[in-house]
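Colleague: What shape does this take:
(one chain, ligands or ions: 2)
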Amino acid sequence: MSNEEIRDQLDQYYGIHAKPQQLKFTYGTAGFRTKANILDSVVFVVGILASLRSKYLDGQTIGIMITASHNPPEDNGIKLCDPQGEMLEQSWETYATTLANLNTKDEIFNEIIKLSTQLNINLDSPSNVVIARDSRDSGPILTSSTIDGLKVLNTQYKDFGLLTTPQLHYLVKSINTLNSTTSYGEPTEDGYYQKLSNAFKKIYNNFITPASSLSSSASSPQKIKITIDAANGIGGPKIDLLIQKYLNDLIDYQIVNNQYQDPLALNVGSGADYVKTNQRLPNNINPVPLQLYASFDGDADRVVFYYQDEEGLFKLLDGDKISTLLTSFLKDLISKSGLNAEIGVVQTAYANGSSTNYITDVLKVPVVCTPTGVKHLHHEAAKFDIGVYFEANGHGTVLFSDNFISVLKNTSPSTPQEQRAIETLFELSNLINQTVGDAISDLLTVLIVLTIKQWNPANWDELYTDLPNRLTKVIVPDRYVFKTTNAERQLTSPEGLQEKIELTVKKYQNGRSFVRASGTEDAVRVYAEANSRAEADQLSHDISELVKNSV
Ligand SMILES: CC(=O)N[C@H]1[C@@H](OP(=O)(O)O)O[C@H](CO)[C@@H](O)[C@@H]1O
Ligand SMILES: [Mg+2]
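Modeller: Ligands and ions are numbered 1, 2, ... in the order given. I've put the predicted structure just below:
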């Protein structure tokens, strides 16, 4: 495109999407996220950036997701997805932030020219983008503003409408691998359902026969039971569609908080974040002891499970519990397969200390700790043949390396046991989303593992006992003075604070605490765990006081 053509396009579209002068925006861990009514200028320039990114990558398809995940209904956000379904490369986050804060049409034009020169982008290259949104009522208008941004550099686009975030990631990877040897799947929403349900059924049929089932009737196995709190978000109608169409004879499910068309209901008193943060049931669940419940977040890239024990106590099965369940299952399969595979687990400092000890000491699997944010975990997990990564809040997945997948495809098993283990490992790589944490895919994986093990939620929970812990926020004048090292587990600034924290922690049995600035909220987070509830609370209080007094 010539400079004149770009100027003409900006003349046509910029006026209605001009930035309000006083606002500042940052592309953070989760993209841009704020009140929906101030996002218009941001989504417009994200359209331009996605076009540049695609041209930079020779026309490969880039994904745009309009969502604010677990935030309240009046918020919204936008994030980009790279060609293999991974998060946007970090250096481009800076370009996104720069573009979003420019105040005039000329500045935007100059930035387009500057970036294309600096990065050697041929503006005549084709550019392709797919776009989707969660169920927020601000979604359609923000989508249309994003599309105006795409038109500035003549980008081809397809609007997939309402999808979960992981479905969009699936589509991006499927489109970019179409007709190749590493084809990820059919690039349609239904292709996603087919891929997951086929894998689920194959694993199921490999293990569950009428004779081995727990069923009272010998001829038909009992259906797998689950109640899902969909946070009144887009995950509800999507998992409904998948199970209805493909898994209805295997899964007996109920969806609560499924009012995704109610603009005020999203994430209110419901959802994975609500359940994990408050450590309590969401609205509209009357628990039956020892039955399994799950909560998605607003864009269905996180899931947590829970149940009520026989004493009537609420018990949470969070990302750490999912990680340990899957790791123990996978390790067992590797050993039965007769193959050599390196399995590893990736966690953040927020993982419960008991889970880390269990994985290291009992499962004897290496654990890597990374900074918060899934892109850090994802990157480390990709270094193993099988890399399991979950944040404690329920966002995570399991990555199978290309090399290990080709070993699985090309090995001739010598016993039926080996054959079953190899097939199951291969189908798990299809069932578990390889691009990003996925509530639907993780839910199906947990259900099949529990069914194979014939475990109820209490059996799962028994693997280890969580150390009592507390996660709190402290509001400070400037959170950026809190700088960390060692995967965010130690402070380097403010000076002297880390030493004080360590002296305090030493007073508590099994005490552990760390402090870091949130990347998504204007606050400092304090995490504390110790041997008892009272000690964890006291430690949390002591450290919060140290933080308050340090600034
Ligand atoms: C303790 C915690 O749960 N932190 C969350 C939260 O990050 P903070 O940087 O802690 O605000 O939002 C991130 C994005 O959703 C998520 O990846 C992360 O796990
Ligand atoms: Mg989310």
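Colleague: how about the host helix or strand of residue 378, does it get close to ligand 2?
Modeller: Assigned by DSSP states H and E, residue 378 belongs to helix 374-381. No. For helix 374-381, no contact with ligand 2 is found by C-beta under 5 Å from the ion; the gap never falls below 9.8 Å. C-beta coordinates here come from the backbone N, C-alpha and C atoms, glycine included.
Colleague: What's the first helix or strand after that helix?
Modeller: Toward the C-terminus from helix 374-381 - assigned by DSSP H and E - lies strand 386-390.
Colleague: Would you mind getting the angle between the helix holding residue 378 and strand 386-390?
Modeller: 160 degrees (axes from the mean of the first three to the mean of the last three C-alpha atoms, to 10 degrees).
Colleague: And the contacts of helix 374-381?
Modeller: Contacts of helix 374-381 with the rest of the structure, by C-beta atoms under 8 Å, 6 or more residues apart in numbering, involve 29, 86-87, 90, 344, 346-348, 368, 370, 387-391, 395-396, 398-399, 436-437.
Colleague: same thing but at 10 Å, please
Modeller: For helix 374-381, the surrounding residues in contact (C-beta atoms under 10 Å, 6 or more residues apart in numbering) are 29-30, 86-90, 93, 301-302, 344-348, 368-371, 387-391, 395-399, 401, 435-437, 487-488.
Colleague: Send over that helix as PDB, restricted to the C-alpha atoms.
Modeller: Provided in PDB are the C-alpha atoms of helix 374-381 (Å, rounded to 0.1, in the frame of the first residue of the first chain):
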ATOM      1  CA  VAL A 374       0.500 -18.200  31.600                       C
ATOM      2  CA  LYS A 375       2.900 -17.200  28.800                       C
ATOM      3  CA  HIS A 376       5.800 -17.700  31.300                       C
ATOM      4  CA  LEU A 377       4.400 -21.100  32.300                       C
ATOM      5  CA  HIS A 378       3.600 -22.200  28.700                       C
ATOM      6  CA  HIS A 379       7.100 -21.400  27.500                       C
ATOM      7  CA  GLU A 380       8.700 -23.500  30.300                       C
ATOM      8  CA  ALA A 381       6.300 -26.400  29.800                       C
END
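Colleague: For that helix, could you pull out the residues that count as buried?
Modeller: 374, 375, 376, 377, 378, 379, 380, 381 (16 or more other C-beta atoms under 10 Å).
Colleague: Pull up the gap between the second one and residue 166, please.
Modeller: Distance of residue 375 to residue 166, given as C-beta to C-beta, to the nearest Å: 15 Å.
Colleague: What of residue 36?
Modeller: 22 Å.
Colleague: List the residues that contact the nearest residue to residue 81 once chain neighbours are set aside.
Modeller: Excluding its sequence neighbours, the residue lying closest to residue 81 (C-beta to C-beta, 6 or more residues apart in numbering) is residue 63, at 3.3 Å. Contacts for residue 63 (C-beta under 10 Å, 6+ apart) come out as 50, 79-83, 85, 88, 129-132, 160, 163, 165, 168-173, 175-176, 435.
Colleague: Can you check the pLDDT for residue 63?
Modeller: For residue 63, the pLDDT comes out at 98.
Colleague: Secondary structure element holding it?
Modeller: strand 61-66.
Colleague: now the residue lying closest to residue 459 once chain neighbours are set aside: how far from ligand 1?
Modeller: Ranked by C-beta to C-beta, 6+ apart and with sequence neighbours excluded, the top spatial neighbour of residue 459 is residue 453, at 7.4 Å. For residue 453, the distance to ligand 1 (C-beta to the nearest ligand atom, to the nearest Å) stands at 28 Å.
Colleague: count of residues packed around residue 453?
Modeller: 15 (other C-beta atoms under 10 Å).
Colleague: which residues touch it?
Modeller: 207, 325, 328, 329, 332, 459, 460.
Colleague: list the contacts for the first one?
Modeller: With contacts taken as C-beta under 10 Å, 6+ apart, residue 207 has the following neighbours: 213, 420, 424, 448, 451, 452, 453, 454.
Colleague: so which of those residues comes closest to residue 70?
Modeller: residue 448 (26.0 Å; C-beta to C-beta).
Colleague: Give me the phi and psi angles of that closest one.
Modeller: phi -70, psi -40 (degrees, to the nearest 10).
Colleague: Now do it against ligand 1, distance only.
Modeller: As judged by C-beta to the nearest ligand atom, residue 448 and ligand 1 stand 26 Å apart.
Colleague: How many residues are close by the closest residue to that residue other than its chain neighbours?
Modeller: Among residues not flanking residue 448 along the chain, residue 203 sits closest, at 5.3 Å (C-beta to C-beta, 6+ apart). Neighbours of residue 203 under the rule other C-beta under 10 Å: 25.
Colleague: ditto for residue 291
Modeller: Every residue meeting other C-beta under 10 Å relative to residue 291 is counted, giving 13.
Colleague: ok, it - contacts?
Modeller: With C-beta under 10 Å, 6+ apart, residue 291 has these contacts: 225, 226, 227, 307, 308, 456, 457.
Colleague: Just list whatever residues bridge to the second one.
Modeller: If I follow you right, that is residue 226. residue 253 (DSSP bridges).
Colleague: so how far is residue 92 from residue 59?
Modeller: From residue 59 to residue 92 the distance is 17 Å (C-beta to C-beta).
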